[in-house]
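**Q** what would the 3D arrangement of this be:
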Amino acid sequence: MTNLEERMNMILERLGIPLRAVWHPDIDSNDHARIDVEEGLIIIHDVDEAEAMRSLFHEILEYRIRGLINPYRRIINSLIEVIEKLVYVEKEKVLEQIWSDFQLWKELEHVSAPTDFRGKKHERG
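**A** Alright, predicted model coming up:
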C-alpha cells in the first residue's frame with residue numbers, strides 16, 4: 001500500500017465510509033475513478049496525486065448521494081419492468097390478431113380482388 005493509499009483510507013475511515021481506496025495510476029484509463037460496491041473499493045486511476053485526491057473527494061460525494069438516487073433507480077426499474085410486461089401482452093394480442101387475419105385471408109383466397117369506390121379492381125402491379 002502506498003503512502004497516498006494510506007492517506008485515502010485514513011480519510012475514508014474517519015468519514016465512516018465502509019470502502020477501501022486503491023490507487024491504480026493508469027494514464028490510459030477513461031475514468032478518473034470508480035466505486036466498486038461489490039468489492040468495497042474506490043479505485044483511483046489518476047496519475048497525479050493531487051488529482052487522485054480530488055477524484056477521491058468526488059467519489060466520496062458520489063457515495064454519499066447514492067442513497068438519494070437509489071430509490072429513484074428502483075422505481076424506474078420497476079416501471080420499466082411493468083411496461084415491458086404490458087408491451088409483451090399487447091404484442092402477443094397483435095400477433096394473435098395477425099395470425100387470425102392471415103388465416104381468414106387464406107380462406108378467402110378464392111374471392112376476386114376487391115374493388116375501389118369507382119368500381120375498379122384493385123390489383124397489384
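**Q** closest to the centroid, which residue in the protein?
**A** Centroid-nearest residue in the chain: residue 77, 9.0 Å away (criterion: Cα atoms, centre = their mean).
**Q** which helix or which strand is home to it?
**A** Residue 77 belongs to helix 49-107 when assigned by DSSP states H and E.
**Q** low-confidence regions, the chain specifically.
**A** Across the chain, the ranges flagged by pLDDT under 70 are 110-125.
**Q** which elements pack onto the helix holding residue 77?
**A** Contacts defined by 3 or more Cβ pairs under 8 Å, 6 or more residues apart in numbering; DSSP states H and E place helix 49-107 against helix 3-15, strand 33-36, strand 41-44. Placement of C-beta: from N, CA and C, glycine included.
**Q** point out the most buried one among those.
**A** Among those, the stretch with the highest mean neighbour count (mean count of other Cβ atoms under 10 Å) is strand 41-44, at a mean of 22.
**Q** neighbouring contacts of it?
**A** Outside strand 41-44, the residues within contact range by Cβ atoms under 8 Å, 6 or more residues apart in numbering are 8, 12, 19-24, 32-36, 52, 55-56, 59-60, 63.
**Q** residue 15 reaches residue 60, doesn't it?
**A** Yes: at 6.7 Å, residue 15 and residue 60 qualify as touching, with contact defined as Cβ atoms under 8 Å.
**Q** quick one, phi psi at residue 45?
**A** Dihedral pair for residue 45: phi -110, psi -10, per degrees, to the nearest 10.
**Q** state the distance from it to residue 36.
**A** 12 Å (Cβ to Cβ, to the nearest Å).
**Q** and for residue 29?
**A** For residue 29 relative to residue 36 (Cβ to Cβ), the value is 14 Å.
**Q** kindly report the same for residue 74.
**A** Taken as Cβ to Cβ, the span from residue 74 to residue 36 is 20 Å.
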